[in-house]
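# coords please:
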Amino acid sequence: MSENSNITFSSVFLDKTPPDDAHIGEMIQWGQQLHASGFITEIESSLSIRTKMGFIITGSNITLDSIKKDGVVEVRGVVFGLNRPSIYVKGQIAPSREALLHSCIYEALPQINAVFLISGHDILAAAEKLGIPSTAIEQPAGSQELAQEAANLVKIHKTVSSFVLKNYGVVILGTTVTEAGTITEEILNKVHSSTKAKSVKKKRI
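The predicted structure is shown next:
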């Protein structure tokens, strides 16, 4: 599925200058580090950090290993219209298709300053074994319905650090970029252990 499919919003560019924030460098480093795991479905994944004006998020079609300063945009606001929402951004490219998802989470959880969305078959399987909360209904990627499902979940589980988007991916929440990255690594380590155990079992058989 391409990153541009199921886009349910319009991007309104307020300023074509790339956003400038001290934490962008951290986000770039975590993107490269997480990509190295080999378990992440790149095109389905996105990272964001809260700012005073909104939040900075990876751009459309930007893979985790190729995040650069001009490959992120700052979402300054979301306006819901009759046909589709308009997302007001500062930057050179459109935001990730999951910008609405990130926006809803930041609005629901003011204490959260970083949101990571990672996807992959092994990641989902491992997350389910961890027993973390999951949205009840599968919704289309990039949709308002998916964002609302996530918002509903975090309003119930206000202290949750990670949760599953049913049949799609895992959302990791942190008060800092480092916290979100560390939690993500812990999940990926469990994925590695799980796949390694399966490999050993197959060899024995």
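# burial count for residue 154?
By the measure other Cβ atoms under 10 Å, the count of residues near residue 154 is 20. Just so you know, the C-beta spots here come from the backbone N, C-alpha and C atoms, and that holds for glycine as well.
# Please, which helix or strand holds it?
Using DSSP states H and E, residue 154 falls within helix 144-156.
# any idea where the strands of this protein begin and end?
Remark: strands assigned in the chain by DSSP state E are 10-15, 46-50, 55-58, 72-79, 86-90, 114-118, 162-165, 169-174.
# State the mean pLDDT of the longest one.
This means strand 72-79. Across strand 72-79, pLDDT averages out at 97.
# same question, the second one
For strand 46-50, mean pLDDT is 97.
# can you tell me which residues contact the residue sitting nearest the centre point of the chain?
Geometric centre of the chain, nearest residue: residue 117, 2.4 Å, by Cα atoms, centre = their mean. For residue 117, the contact set (Cβ atoms under 8 Å, 6 or more residues apart in numbering) comprises 44, 45, 46, 47, 98, 101, 102, 165, 169, 170, 171, 172.
# Pretty sure the third one sits against residue 58.
To tie it back to what came earlier, the one meant is residue 46. Yes: the pair residue 46 / residue 58 is scored as a contact, 4.9 Å apart, by Cβ atoms under 8 Å.
# where does the protein dip in pLDDT?
Within the chain, the ranges that satisfy pLDDT under 70 run 1-7, 42, 195-205.
# is residue 118 in a bridge, and if so with what?
Legend: beta-bridge partners of residue 118 under DSSP bridges are residue 170.
# That one and residue 34 touch, don't they?
Yes: counting by Cβ under 8 Å, residue 34 is a contact partner of residue 118 at 6.8 Å.
# returning to that earlier point: list the residues that contact both of residue 46 and residue 58?
residue 96.
# related to what we said a few turns ago, could I get the strands of the chain as a markdown table with distance to residue 124?
Output for the strands of the chain, formatted as a markdown table (distance: least, Cβ to Cβ, whole Å):
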| stretch | distance to residue 124 |
| --- | --- |
| strand 10-15 | 29 |
| strand 46-50 | 16 |
| strand 55-58 | 20 |
| strand 72-79 | 26 |
| strand 86-90 | 27 |
| strand 114-118 | 10 |
| strand 162-165 | 7 |
| strand 169-174 | 7 |
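# quick one: which of the ones you listed is nearest residue 26?
Checking those against residue 26 by Cβ to Cβ gives strand 46-50 as the closest, at 7.9 Å.
# how many degrees apart are that closest one and strand 72-79 in direction?
On the basis of axes from the mean of the first three to the mean of the last three Cα atoms, to 10 degrees, strand 46-50 is oriented at 70 degrees to strand 72-79.
# Which elements pack onto strand 46-50?
Judged by 3 or more Cβ pairs under 8 Å, 6 or more residues apart in numbering; DSSP states H and E, strand 46-50 is in contact with helix 24-35, strand 55-58, helix 99-108, strand 114-118.
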